[in-house]
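Colleague: dropping a prediction and its sequence here:
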Amino acid sequence: MSTRIFVVEDELLHLEAIQITLEEGRLDLAGTCGDADKAFELIQKAKPDVVLVDIALPGINNGITLAERINRELSIPHIFTTSFTDDKVIEQAVATNPSGYLRKPVELVNLKAAIKIALQKKQLPEEVNFTAGNYNLVFVKVGDKLVRVDLQEVLMVKADGENCISLVTEKKEFISRTTLKEFCSELPPEFIQTHRSCFINLKQLDSFNEREQFAILKGKIAPVARSFRKDFLNALHKI
């Protein structure tokens, strides 16, 4: 089954160029729209695999606000197609958690690579929904179900961007849209920070490589930064 792409683009010349590129790449066009205010409902009905979004769109909304809503409510990966190079605009775009950022005119090789990344992102492990009151369990969304995960089985929790974390177990990795600071403030005491972007479960620790400064947990490697090394070693003496 071919990948279905929805294109949000208000400039006819660029829209036609993207449509030709999609045809060359044997990708299906799920729909098009040139207005950010109208695009969301069309995307919701079309249910594409990936959305290509231009940043500069007419309407009350723009490509960035549209992408934020797509990411938040539909969980469909989006790729920006734009001529903007302004740093502030790029920062705003990156904050929507895009799967790619392509300069116009869009080249087929770059588009196919970005779409491949977007599809892999769509298939990432399930998102963590909430933590139970005793802080020993998290419930993970798997399809239409909430599946319980025991925090004691979690090897490490690491930052995966500014507002996203990964819970790593021996067999799976789960994604949560939250900050590392917020989530780890409620973790059991056996979780200790070893890096500004990583907490590990000491009960799952197998060994510590002092020369290379990393911890090994069930074959997974976690960094131990110099600024956290003293607290880490002190914690080891307590268990």
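Modeller: Perfect, thanks for sending it.
Colleague: CA only for contacts and neighbour counts going forward, please
Modeller: Will do.
Colleague: burial of the residue lying closest to Ala93 once chain neighbours are set aside, as a residue count?
Modeller: The spatially closest residue to Ala93, leaving aside those adjacent along the chain, is Ile64, at 5.8 Å (C-alpha to C-alpha, 6 or more residues apart in numbering). Neighbours of Ile64 under the rule other C-alpha atoms under 10 Å: 24.
Colleague: show me what the helix or strand hosting Leu119 is packed up against.
Modeller: Under the criterion of DSSP states H and E, Leu119 resides in helix 108-122. Packed against helix 108-122, as judged by 3 or more C-alpha pairs under 8 Å, 6 or more residues apart in numbering; DSSP states H and E, are the following elements: helix 12-24, strand 50-53, strand 78-82, strand 100-103.
Colleague: Ile221 contacts Phe214, doesn't it?
Modeller: Yes: judged on C-alpha atoms under 8 Å, Ile221 makes contact with Phe214 at a distance of 6.5 Å.
Colleague: which pLDDT value belongs to the closest residue in space to Thr3 that isn't next to it in sequence?
Modeller: Once flanking residues are discounted, Thr3 sits nearest to Leu27: 5.5 Å by C-alpha to C-alpha, 6+ apart. Leu27 is assigned 93 on the pLDDT scale.
Colleague: any idea how far Leu27 is from Thr82?
Modeller: Distance, Leu27 to Thr82, using C-alpha to C-alpha, to the nearest Å: 20 Å.
Colleague: and if you look at Val53?
Modeller: According to C-alpha to C-alpha, Val53 stands 8 Å off from Thr82.
Colleague: burial count for the closest residue to Ala159 other than its chain neighbours?
Modeller: Nearest residue to Ala159, sequence neighbours excluded (C-alpha to C-alpha, 6+ apart): Ile165, at 4.4 Å. Applying other C-alpha under 10 Å, we find 24 residues neighbouring Ile165.
Colleague: now Ile165: how far from Val157?
Modeller: Distance, Ile165 to Val157, using C-alpha to C-alpha: 7 Å.
Colleague: buried ones in stretch 157-177, by neighbour count?
Modeller: Residues 157-160, 163-169, 173-177 are the ones in stretch 157-177 that count as buried (16 or more other C-alpha atoms under 10 Å).
Colleague: the bottom helix or strand of this protein by mean pLDDT?
Modeller: strand 128-131 (a mean of 50; mean pLDDT, DSSP states H and E).
Colleague: you'd agree Ala39 is up against Val7?
Modeller: No: taking C-alpha under 8 Å as the definition, Ala39 is not a contact partner of Val7, at 9.3 Å.
Colleague: quick check: neighbours shared by those two?
Modeller: Common contacts of Ala39 and Val7 (C-alpha atoms under 8 Å, 6 or more residues apart in numbering): Cys33.
Colleague: comparing the two, which residue is more hemmed in?
Modeller: Higher neighbour count among Ala39 and Val7: Val7, with 26 against 21, using other C-alpha under 10 Å.
Colleague: now do the same contact list for that one.
Modeller: Contact analysis of Val7 by C-alpha under 8 Å, 6+ apart lists 15, 29-33, 51-53.
Colleague: hmm, try it at 6 Å
Modeller: 32, 51-52 (C-alpha atoms under 6 Å, 6 or more residues apart in numbering).
Colleague: Cys198: which of the residues you listed is nearest?
Modeller: Nearest to Cys198 out of the contacts of Val7 is Val51 (C-alpha to C-alpha; 31.7 Å).
Colleague: which residues sit in contact with the residue nearest to Val157 when sequence neighbours are not counted?
Modeller: Distances taken as C-alpha to C-alpha, 6+ apart place Leu167 nearest to Val157, at 4.7 Å, with adjacent residues excluded. Going by C-alpha under 6 Å, 6+ apart, Leu167 touches 157, 173-174.
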